[in-house]
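Asker: predicted model follows, preceded by the sequence.
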Amino acid sequence: QVQLVESGGGLVQAGGSLRLSCAASIFGSAYFTAWFRQAPGKEREFVAAVTWSGLTTIYADSVKGRFTISRGNAKSTVYLQMNSLKPEDTAVYYCAVGIRGITPRIDDYNSWGQGTQVNVSS
């Protein structure tokens with residue numbers, strides 16, 4: 001069973017930065033990792049995704065140029081570097097793993113972490 005543990009959330013002022021981490025207990029290389037987020041009263045939305053190799057990434061338009069997803073040397077950890085944060089980035093951020101390919105579709109990811117809260121004050 002895959003276990004995903006997110007960390008790194010917190011409170012930051014607008015314009016600041018945070019780095020989220022997702023540690024996965026998973027073996028093999030045929031999987032893809034993504035970050036999603038869910039703000040209060042809103043649906044969960046795609047943020048970014050990365051292949052196992054770390055060479056291919058995709059981003060939501062709302063975070064492109066501000067957020068960077070990367071995979072650590074150990075491959076089992078994925079990071080989300082968030083710069084120039086805005087109040088609208090406030091949400092619970094979830095890490096997810098799937099095997100269908102690097103996609104923004106929530107249904108393509110079948111293992112989820114518990115989430116980490118990010119609050120951006122204005």
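Answerer: Done, it's in.

Asker: the strands in the chain, which residues?
Answerer: Using DSSP state E, the strands of the chain run over residues 3-7, 10-13, 18-25, 32-38, 45-50, 57-59, 67-71, 77-82, 91-98, 111-112, 116-121.

Asker: for the spatially most central residue of the chain, which non-adjacent residue is spatially closest?
Answerer: Nearest to the mean C-alpha position of the chain, by CA atoms, centre = their mean, lies Trp35 at 2.3 Å. Spatial nearest neighbour of Trp35, chain neighbours left out: Val47 (4.2 Å); criterion: CB to CB, 6 or more residues apart in numbering. Bear in mind the C-beta positions are built from the backbone N, C-alpha and C, glycine included.

Asker: surely the one you found touches Tyr59?
Answerer: Yes. Under the criterion of CB atoms under 8 Å, Val47 makes contact with Tyr59 at 7.3 Å.

Asker: which residue, neighbours along the chain excluded, lies closest to Gly8?
Answerer: Leu20 (4.1 Å).
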